[in-house]
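Peer 1: please work out how this folds:
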Amino acid sequence: MAVGVTELQVFVASPGDVQKERSRLETVIKALNNDLASGGKLRLRLVQWKTHTHPDLGEDAQDVINRQLVNLGPSDIFIGIMWKSLGTPTKRAPSGTVEEFQRAYDLWKTNPHSHVMFYFNKAPVPPEAREIKQLNKVLAFRKSLSKSGLIAEYKGLKDFEDQVRSHLSKLVLNWNLDKILAGEDTAASSGTSVKSSSIWPPPPQPPGLFIGRKEGLQALRTRLGLDETGQPTGKPQPVAAMWGIGGVGKTTLAAALTYDQHVRKAFPDGILWTSLGERPTLLSAFARWGYAFGEDGKTLASANTLAAARHELGRLLQGRRMLLVVDDVWASEPAIEFKRIRGPDCTIVFATREPEIAAELADVPPEQVYNLPPLSDEAGLELLRELARAVVDEHPEECLKLVRALGRLPLALQVAGRMLYTEAKKQRGLVEKLLNDLGAGKKLLKAKAPADRIDLERQTIPTVAVLLRQSTNRLDKTTRERFAKLGVLPRPAIVDEDMLRTRWRVKDPNPTIDILVSRGLMEPIGDGKYQIHALLVSLADSLLED
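Peer 2: The predicted model follows:
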């Protein structure tokens, strides 16, 4: 293993009737390791009794497995899989799989950084008596397990593969960011450790590469009443509203804030996270937060009306100092519900694409609203270098042009960096062509986003175009049509009022210009001129094709 690479041990436990799932898990971990190779800091090691044990004697077969696997050290991630069979009984547990789970559960109780994930196949079971008897044992085990946390159910191999890929991606990316931020905090502090408060539910995990966002992180910390050293400067603002164009990294920064040790210390009673999306279900969002309060939250977790959930959550937040993070806000009305239940010692951080929504959610917009800008040229190039070091070192000027062409958006740069890393391993000449293609924008729009941007509802990874179009979809019809007409311009494009007046056939183009600038789709560069980055020109072009 390369120096400086952290290896996370993944142990899989299952009876013999889910062998196909175990094979799919091997495929998923190989694919994730290929993706992680470009970052070079983390990899997964799959441990199975068939590949990591040898014949020997003991109390029973499971005892032999236990004694041999203990030499590998504790696993970081335990994955259990069951369908219609509980497995073969041992002298210590109802089955070998259950015994392995119990050992992982005991480890988790002493090491909260370990993770236990259990998946149950929902496929129909043959009606034979033996199968039904085993299935009843599985159902009883699943019921007992569900009392201790969340379990996953899947329908078929494809569903299992998609779910486990999504879940492992989040754990891996979360692990990366936690280590990075812990390193920054250690350097900035006196060396004393701070006990972390909990985050529930865990946020959609951000990319492991957290580059060029120290100023943004501090801007949010300032609104939470913390100075650059993490020391309190006064009472936190009750609300902080962050906005920025799609792909600029709002979710990443919000998640980074929740992992910041000084922020956790400032909110010792915990951090609550939710992501609203286009069609928020407030009752579900409130009820999920009930689990964060343990026994006290049972009434909230089982609430069946929004009014009951709102009342109970408001009661729970009284007297507690907590940070509430509400991500992906598409409309102000549902987000305002969170302000109504905020306790007097709690702070809410909202993240949205819309500057108007951010202003509506803030009590004092000048003090509480933060516009997250794209990366600087230097940070953008550093991000690209982390993903494709050899390419950037050999083509620094071309890569800097690419950073600018992609609008210095972290999302676009991550996708481009991974594509460059892959092409660099192939024959020479392909990299130069890919740099040109990526700079033009069209090739990148068709590429899939990083794994952490998975659509949890559809269990698919969207393209860059789909993610960026979420910004243009929010434009009114006239503004969207005018933006689309910019798709025929050179990449990148420089325009002025006269050019836009002619192209749009309007007397006054400024109202539309103001909207596009506020959405980050156009950037003022002085002397009455505006720049549209190559990626956004290609996005406009794609709207023309619809």
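Peer 1: count residues in the vicinity of the spatially closest residue to G156 that is not a sequence neighbour, would you?
Peer 2: Once flanking residues are discounted, G156 sits nearest to A123: 6.9 Å by C-beta to C-beta, 6 or more residues apart in numbering. Any C-beta I mention is one placed from the backbone N, CA and C, and that applies to glycine too. By the criterion of other C-beta atoms under 10 Å, A123 has 10 neighbours.
Peer 1: same check, this time on the one 3 residues further on
Peer 2: Using other C-beta under 10 Å as the criterion, P126 is surrounded by 9 other residues.
Peer 1: surely it is within a strand?
Peer 2: No: counting by DSSP: H, G, I helix; E, B strand; the rest coil, P126 falls outside a strand, being coil.
Peer 1: residue contacts, the residue lying closest to it once chain neighbours are set aside?
Peer 2: In this structure, P126 finds its nearest non-sequential neighbour in K84, 7.8 Å apart by C-beta to C-beta, 6+ apart. For K84, the contact set (C-beta atoms under 8 Å, 6 or more residues apart in numbering) comprises 17, 121, 125-126, 131, 134-135, 138.
Peer 1: how much space separates K84 from A351?
Peer 2: 43 Å (C-beta to C-beta, to the nearest Å).
Peer 1: mind jotting down where the strands sit in the stretch 351-500 of the chain?
Peer 2: Counting by DSSP state E, counting those that start in this stretch, the stretch 351-500 of the chain has strands at residues 369-371, 493-496.
Peer 1: one step back: next, the residue nearest to P126: secondary structure please.
Peer 2: coil.
Peer 1: which pLDDT value goes with it?
Peer 2: We note a pLDDT of 92 for K84 in this prediction.
Peer 1: residue ranges with poor pLDDT in this protein?
Peer 2: Applying pLDDT under 70 to the chain picks out residues 1-5, 35-41, 112, 129, 173-208, 425-431, 434, 437-467, 545-546.
Peer 1: doesn't F210 make contact with Q414?
Peer 2: No: if you go by C-beta atoms under 8 Å, Q414 and F210 don't touch, sitting 11.7 Å apart.
Peer 1: for Y530, what are phi and psi?
Peer 2: Per-residue torsions, Y530: phi -130, psi 140 (degrees, to the nearest 10).
Peer 1: do D106 as well
Peer 2: Torsion angles, degrees, to the nearest 10, at D106: phi -60, psi -40.
Peer 1: which residues touch it?
Peer 2: No contacts exist for D106 under C-beta under 8 Å, 6+ apart.
Peer 1: in the stretch 201-350 of the chain, which spans are strands?
Peer 2: Using DSSP E, counting those that start in this stretch, the strands of the stretch 201-350 of the chain run over 239-243, 271-277, 323-329, 347-352.
Peer 1: list of residues touching the last one?
Peer 2: Strand 347-352 has contacts (C-beta under 8 Å, 6+ apart) with 220, 223-224, 236-243, 250-251, 253-254, 257, 267, 323-330, 335, 338-339, 342, 357-358, 361.
Peer 1: same check, this time on the third one
Peer 2: Contact partners of strand 323-329, identified using C-beta under 8 Å, 6+ apart, comprise 203-204, 224, 250-251, 254, 257-258, 263, 266-267, 270-277, 335, 338, 342, 346-352, 354, 357, 361.
Peer 1: ok, back up a step: helix, strand or coil for the residue nearest to G156?
Peer 2: Three-state call for A123 (three-state DSSP): coil.
Peer 1: wait, what's in contact with it?
Peer 2: Applying C-beta under 8 Å, 6+ apart, the residues near A123 are 83, 155-156.
Peer 1: quick check: it vs E21, distance?
Peer 2: Counting by C-beta to C-beta, the gap from A123 to E21 is 11 Å.
Peer 1: related to what we said a few turns ago, pipe the strands of the stretch 201-350 of the chain into CSV and attach distance to E26 per row.
Peer 2: Converted to CSV, the strands of the stretch 201-350 of the chain look like this (distance: least, C-beta to C-beta, whole Å):
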stretch, distance to E26
strand 239-243, 40
strand 271-277, 31
strand 323-329, 33
strand 347-352, 36
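Peer 1: those strands: which one's closest to L400?
Peer 2: L400 sits nearest to strand 239-243 of all the strands of the stretch 201-350 of the chain, at 27.4 Å, using C-beta to C-beta.
Peer 1: show me the contact partners of that closest one.
Peer 2: 220, 223-224, 250, 253-254, 339, 347-355, 357-359, 361-363, 365, 368-372.
Peer 1: which of those residues count as buried?
Peer 2: 220, 223-224, 250, 253-254, 339, 347-355, 357-358, 361-362, 368-372 (16 or more other C-beta atoms under 10 Å).
Peer 1: next, the contact list for P524, please.
Peer 2: Contact analysis of P524 by C-beta under 8 Å, 6+ apart lists 517, 530.
Peer 1: helix, strand or coil for it?
Peer 2: Secondary structure for P524, judged by three-state DSSP, is strand.
Peer 1: care to break the protein down by domain?
Peer 2: Structural domains assigned to the chain are 6-173, 194-216+230-361, 377-451, 475-545, following automatic domain parsing.
Peer 1: reformat those domains as JSON lines; add distance to L468.
Peer 2: What follows is these, written out as JSON lines (distance: least, C-beta to C-beta, whole Å):
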{"stretch": "domain 6-173", "distance to L468": "21"}
{"stretch": "domain 194-216+230-361", "distance to L468": "5"}
{"stretch": "domain 377-451", "distance to L468": "7"}
{"stretch": "domain 475-545", "distance to L468": "5"}
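Peer 1: out of the ones you listed, which is closest to R469?
Peer 2: Across those, closest to R469 is domain 475-545 (C-beta to C-beta), at 7.1 Å.
Peer 1: distance from the closest one to the middle of the chain?
Peer 2: Taking C-alpha atoms, centre = their mean, to the nearest Å, the mean C-alpha location of domain 475-545 is offset from the chain mean by 31 Å.
Peer 1: residue furthest from the geometric center of the chain?
Peer 2: Here the chain reaches farthest from its C-alpha mean at L57, the gap being 45.3 Å by C-alpha atoms, centre = their mean.
Peer 1: which one is that residue nearest to, not counting chain neighbours?
Peer 2: V64 (7.0 Å).
Peer 1: for the one you found, give me its contacts.
Peer 2: Neighbouring residues of V64 by C-beta under 8 Å, 6+ apart: 53, 56-58.
Peer 1: my guess is T479 meets T512, correct?
Peer 2: Yes: with contact defined as C-beta under 8 Å, T479 reaches T512; the gap is 5.5 Å.
Peer 1: can you show me the helices along the stretch 251-400 of the chain?
Peer 2: Using DSSP state H, counting those that start in this stretch, the helices of the stretch 251-400 of the chain run over 261-266, 282-289, 298-301, 306-317, 332-341, 355-361, 365-368, 377-387, 389-394, 396-405.
Peer 1: which of those helices sits closest to A93?
Peer 2: Of all the helices of the stretch 251-400 of the chain, helix 298-301 sits nearest to A93, with 29.3 Å by C-beta to C-beta.
Peer 1: buried residues of that closest one, list them for me.
Peer 2: If you call a residue buried by 16+ other C-beta under 10 Å, then helix 298-301 has these buried ones: 299-301.
Peer 1: mind putting those into JSON lines with distance to S166?
Peer 2: Putting those into JSON lines (distance: C-beta to C-beta, whole Å) gives the following:
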{"residue": "T299", "distance to S166": "31"}
{"residue": "L300", "distance to S166": "27"}
{"residue": "A301", "distance to S166": "23"}
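Peer 1: which ones are touching the residue nearest to A240 when sequence neighbours are not counted?
Peer 2: Spatial nearest neighbour of A240, chain neighbours left out: R223 (4.0 Å); criterion: C-beta to C-beta, 6+ apart. By C-beta under 8 Å, 6+ apart, the contact list for R223 reads 236-237, 240, 347, 367-368, 370.
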